[in-house]
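Novice: Below is the sequence, then the predicted model.
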Amino acid sequence: METKVQAHVAPWKLEEVKTLKGLIKSKPVVAIVDMMDVPAPQLQEIRDKIRDKVKLRMSRNTLIVRALNEVAEELNNPKLAELANYVERGAAILVTDMNPFRLYKMLEENKSPAPVRGGQIAPCDIKVEKGSTGMPPGPFLGELKSVGIPAAIEKGKIAIKEDKVVVKKGEVVSPKLAAVLDRLGIKPVKVGLNVLAVYEDGIIYTPDVLKVDEDKLLADIQTAYQNAFNLAFNTAYPAKEVLPFLIQKAFMDARALSIETAFITKETAGDILAKAQSQALALASKLPEDAIDEEIKEKISSIEVSSAPTVEETKEEEKKEEEKKEEDTGAAGLALLF
């Protein structure tokens, strides 16, 4: 007869899983965050800042995974179980009503500068700058030189002789260099709650998705709006935003057509008559002087005087014409590039 042996599970673990499950079910947004590198004082400071907006609980990774899997099974939500794949390092569960993008932005804004540790990967190029360290002559001068930082005694103090990148982004920081950077007060690392993944409404968001360049996003939206507006206007698509401009353009086109074809309307009668008079006087000006009366001669004369350009106007016109030619040439040059 086969006997099943059940593993003993400590009561506190069962209670902890129960607590985590209650936490996961309490809010629509569930995040896994990494707290491993956050010093206790800074963690407490972050907690105080976000306490009203989120609930945070650190636990053993195995218990977090178990709680996620059990909740996913109870709610028949396999996507939630996938969140367990992101549990690593010093993981904690964070739940909130905030949308994932606001949550990510808030956590990033609450990170603070910290010294880099020996063995840590440099998150950016780490640079020391030329100038006095404020330290008196002593062993520290040798420590600087031992990590490749040019230094000397100047005015009774240890001074760095030139700006230098001591480690590039992605390289491992040696313990000796980390100690020197710490003494120089250089804090190239930002510590805080690192988002590993966020679940909301059947979707898991990872940091690469949540990290949004707001300025670029706004510029992209503006460009898209402008392009959509131009397309709607040029295709006469009567969108709400374009409709006033389409009506204005239609009115102008109809007016021009009416004048061109001498189709008299209330709005164009004056322009059509003015055009007809102008054409009649132009025709009359071609006739011999003895073929037209004095009134017509006077009108022709007044038109010629008023239309004759002054010297200044002629020069200005020539200048504009030259500028237009230059612009056309430039545009043609640009067009050849595409």
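Specialist: Sure, I can see it. Computed from a prediction, not measured in an experiment: that's the story for all the values here. Numbering: from 1, shown residues only.
Novice: so how far is residue 87 from the residue of the chain most remote from its centre?
Specialist: Relative to the C-alpha centroid of the chain, counting by Cα atoms, centre = their mean, residue 290 is the outermost residue, at 77.0 Å. The span separating residue 290 from residue 87 equals 107 Å under the rule Cβ to Cβ, to the nearest Å. C-beta here means a position set from N, CA and C on the backbone, and glycine is covered the same way.
Novice: And the average pLDDT for stretch 180-190 is what?
Specialist: The predicted model gives stretch 180-190 an average pLDDT of 90.
Novice: Next: stretch 265-280.
Specialist: The predicted model assigns stretch 265-280 a mean pLDDT of 90.
Novice: export that stretch as CSV, just CAs?
Specialist: Extracted as CSV, the C-alpha positions of stretch 265-280 are listed here (Å, rounded to 0.1, in the frame of the first residue of the first chain):
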residue,chain,number,x,y,z
THR,A,265,-23.7,86.7,-57.9
LYS,A,266,-24.3,89.1,-55.1
GLU,A,267,-20.8,88.6,-53.8
THR,A,268,-19.0,88.9,-57.1
ALA,A,269,-21.0,91.5,-59.1
GLY,A,270,-18.7,94.4,-58.1
ASP,A,271,-15.5,92.5,-59.0
ILE,A,272,-16.9,91.3,-62.4
LEU,A,273,-18.0,94.9,-63.3
ALA,A,274,-14.6,96.2,-62.2
LYS,A,275,-12.9,93.6,-64.3
ALA,A,276,-15.0,94.3,-67.3
GLN,A,277,-14.3,98.1,-67.1
SER,A,278,-10.6,97.4,-66.8
GLN,A,279,-10.6,95.2,-69.8
ALA,A,280,-12.7,97.8,-71.8
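Novice: what sits up against stretch 76-86?
Specialist: By Cβ atoms under 8 Å, 6 or more residues apart in numbering, the list of residues contacting stretch 76-86 from outside reads 24, 30, 32, 64-65, 68-69, 71-73, 196-197, 199, 202-204, 206.
Novice: and those residues, which are buried?
Specialist: Using 16 or more other Cβ atoms under 10 Å as the burial test, those include 24, 30, 32, 64-65, 68-69, 71-72, 196-197, 199, 204 as buried.
Novice: Strands - which of those residues land there?
Specialist: Among these, the members falling in strands are 30, 32, 196, 197, 199, 204 (criterion: DSSP state E).
Novice: Residue 158: which element?
Specialist: When elements are assigned from DSSP states H and E, residue 158 belongs to strand 157-160.
Novice: Please disregard the earlier target; I meant residue 9.
Specialist: Residue 9 belongs to no helix or strand when elements are defined using DSSP H and E.
Novice: Residue 16 too?
Specialist: Assessed by DSSP H and E, residue 16 sits inside helix 11-26.
Novice: what packs against that helix?
Specialist: For helix 11-26, the packing partners by 3 or more Cβ pairs under 8 Å, 6 or more residues apart in numbering; DSSP states H and E come out as strand 54-58, helix 61-74, strand 91-96.
Novice: what do you get if the cut-off is 6 Å, keeping everything else the same?
Specialist: Using 3 or more Cβ pairs under 6 Å, 6 or more residues apart in numbering; DSSP states H and E as the contact test, the elements touching helix 11-26 are helix 61-74, strand 91-96.
Novice: CA atoms only: put it into CSV for me.
Specialist: Listed next in CSV are the C-alpha coordinates belonging to helix 11-26 (Å, rounded to 0.1, in the frame of the first residue of the first chain):
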residue,chain,number,x,y,z
PRO,A,11,2.7,28.1,9.3
TRP,A,12,4.3,31.5,8.9
LYS,A,13,4.9,30.8,5.2
LEU,A,14,1.3,29.9,4.7
GLU,A,15,0.2,33.0,6.4
GLU,A,16,2.7,35.1,4.3
VAL,A,17,1.3,33.6,1.1
LYS,A,18,-2.2,34.4,2.3
THR,A,19,-1.2,38.0,2.9
LEU,A,20,0.5,38.4,-0.5
LYS,A,21,-2.6,36.9,-2.2
GLY,A,22,-4.8,39.4,-0.5
LEU,A,23,-2.5,42.2,-1.5
ILE,A,24,-2.5,41.1,-5.2
LYS,A,25,-6.3,40.9,-5.3
SER,A,26,-6.7,44.3,-3.6
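Novice: now it against strand 54-58, angle please.
Specialist: On the basis of axes from the mean of the first three to the mean of the last three Cα atoms, to 10 degrees, helix 11-26 is oriented at 160 degrees to strand 54-58.
Novice: Next, the buried residues of helix 11-26.
Specialist: Buried residues in helix 11-26, counting neighbours by 16+ other Cβ under 10 Å, are found at 16, 17, 20, 21, 23, 24.
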